[in-house]
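Colleague: Fold the following for me, if possible:
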Amino acid sequence: LDMALPPGIPTLEALSTGNFTRVDNVFCTSRVTERIIRCNTDPSLRPTKTDHFPIVTTLDIHAPLVNSAERLNWKKVKWKELCERLEEDLQLIGRGLTTNWGTKRDRVERRVLGAFATGIRDIIALTTDSPHQRRWWNKDLDRLRKDTARLSKKHYKRRHWLDHPIHELYRRVRNDFAAEIKRAKAAKWLEWLEQAEGDSVWDIGKMLEGGPTD
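Modeller: Got it, this is the predicted structure:
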């Protein structure tokens, strides 16, 4: 462990004698120490009748962003509108195909593909994954999170009613939520391992060799 609070900084002023001493320390692992911007006491925040000085630590917790490319949002496609648009465009192309199909095939194929591309681009909206998105999150977890939050309020409201059944129900739902999060993370991790190739394999190797983090 590393000492985060610099030496020579007093952390206590004895109320009886007014002497300044150093009785408190801040220990961190090397990984946390690398992220410390500032660690110092702030006597101005000391409450009344308290001889210890508050220790204020500022950490750099900047999260690296993931570059996310835009993609078509197929989940919110207006299928009726898209089908009507494609049907209309393809009918316009089909009116000139009564003769000489062989000589026009390449040109028609390009027009058909162009109609699909234009229709999709005009009708389907683009979306971008959030750089902070939990990729293992799913609708079941969202439902469990809401249930846990709702029961947590009831559990706290009846905290003085020790034998109320809400406490046991809240405990079970909270544990189910935690277990489901663990399963979802493991499933997403296995999915990534199975699809890994190229640079992803090296990323996995670095993570496995890096050891546990804080």
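Colleague: Where do the domain boundaries of this protein fall?
Modeller: Domain ranges of the chain: 2-59, 71-127, 139-197, per automatic domain parsing.
Colleague: Can you flag the weakest of these by average pLDDT?
Modeller: The minimum mean pLDDT among these belongs to domain 71-127 (a mean of 81).
Colleague: Quick one: end-to-end distance for it.
Modeller: Start and end residues of domain 71-127 are separated by 6 Å (CA to CA, to the nearest Å).
Colleague: So which other helices or strands are in contact with the helix or strand encompassing residue 84?
Modeller: According to DSSP states H and E, residue 84 maps onto helix 79-94. If contacts are counted by 3 or more CB pairs under 8 Å, 6 or more residues apart in numbering; DSSP states H and E, helix 79-94 sits against helix 101-123. Using the backbone N, CA and C atoms, a C-beta is placed for each residue, glycine as well.
Colleague: Just the residues contacting the helix or strand just after the helix it packs on, thanks.
Modeller: Downstream of helix 101-123, the first helix or strand assigned by DSSP H and E is strand 126-127. Identification of contacts with strand 126-127 by CB atoms under 8 Å, 6 or more residues apart in numbering yields 70, 71, 72, 73.
Colleague: Please work out the angle formed by the directions of the helix holding residue 84 and helix 101-123.
Modeller: Here helix 79-94 runs at an angle of 150 degrees relative to helix 101-123 (axes from the mean of the first three to the mean of the last three CA atoms, to 10 degrees).
Colleague: buried residues in helix 79-94?
Modeller: By neighbour count on 16 or more other CB atoms under 10 Å, the buried set for helix 79-94 is 82, 85, 86, 89.
Colleague: ok, now which ones touch the second one?
Modeller: With contact taken as CB under 8 Å, 6+ apart, residue 85 is in contact with 119, 122, 123.
Colleague: switch to 10 Å and redo it
Modeller: Listed by CB atoms under 10 Å, 6 or more residues apart in numbering, the contact set of residue 85 reads 78, 115, 118, 119, 120, 122, 123.
Colleague: now do residue 87
Modeller: Residue 87 neighbours (CB under 10 Å, 6+ apart): residue 119.
Colleague: Can you give me the separation between it and residue 116?
Modeller: According to CB to CB, to the nearest Å, residue 87 and residue 116 sit 12 Å apart.
Colleague: residues contacting residue 91?
Modeller: With contacts taken as CB under 10 Å, 6+ apart, residue 91 has no neighbouring residues.
Colleague: typed the wrong thing, it's residue 120
Modeller: 72, 74, 77, 82, 85, 86.
Colleague: gap between it and residue 127?
Modeller: In terms of CB to CB, residue 120 sits 14 Å off from residue 127.
Colleague: How about residue 74?
Modeller: Counting by CB to CB, the gap from residue 74 to residue 127 is 9 Å.
Colleague: Please say which of these two ends up with more neighbours.
Modeller: Shown here are residue 74 and residue 127; by other CB atoms under 10 Å, residue 127 has more neighbours (14 against 11).
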